[in-house]
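# Just the structure for this:
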Amino acid sequence: MLRLRPYKSCDAAKIAEWIRDEDVFLKWGGQLFGDFPISAEIIDEKYRLQNGGCTEPDNFYPWVAIDEENCVVGHFIMRYLRGDHRLLRFGWVVVDDTIRGKGYGTEMLRLGLRYAFGILGVDKVTLGVFEGNERAHSCYRKAGFSDTGEVVEKQPWNVIEMAITRDRMTEIQGE
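Alright, predicted model coming up:
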């Protein structure tokens, strides 16, 4: 059973621990933080002092997932797209690599979706997954996201766009 709470500066060290190699760094979106390796200081500065790179002052919401023992086991961010408070994007999704494959990422994202639709009142949540990152792609599908059919050409990999609507989330919760 996971719970979400807002990111705190002390979480940065744990997040940085999970990004052990350059492949994970790139798949996490680390190139937006600079060069590998990443440190807790770089993550915390990006979040606290640079608003996650968002130009709008109230548009960056980093979260962590905590387990029954209050251990941080996952992390992701939310941000509105193009100033539209009905459209939210998830990003920088990462789970403790020692527990990957056990459903924590799916559960964390479902909690985030409940918050996005139920508390923030958005109509749609999007995210992107790099081609070839099948583990993440599968996790996102299990959480309820579907491929939109749009692929954004980027380096080092193309990005498959995914989304879920409020209506689809309601269907999933009813199943």
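
# And the longest helix along the chain, what's buried?
If each helix of the chain is counted by residues according to DSSP state H, the longest one is helix 104-118. Buried residues in helix 104-118, counting neighbours by 16 or more other CB atoms under 10 Å, are found at 104-113, 115-117. (Glycine included, C-beta is placed from N, CA and C.)

# out of the residues you listed, who's nearest residue 74?
Taking CB to CB as the measure, residue 74 lies nearest residue 108 of these, at 4.3 Å.

# and the closest residue to residue 6 other than its chain neighbours, what pLDDT?
Once flanking residues are discounted, residue 6 sits nearest to residue 63: 6.3 Å by CB to CB, 6 or more residues apart in numbering. What the model reports as pLDDT for residue 63 is 98.

# do you know how far residue 63 is from residue 149?
Distance of residue 63 to residue 149, computed by CB to CB, to the nearest Å: 28 Å.

# Between the two, tell me which one has more neighbours.
Taking other CB atoms under 10 Å, residue 63 and residue 149 do not tie; residue 63 has more neighbours (21 against 7).

# Isn't that one up against residue 8?
No - using CB atoms under 8 Å, residue 63 is not in contact with residue 8; the gap is 10.6 Å.
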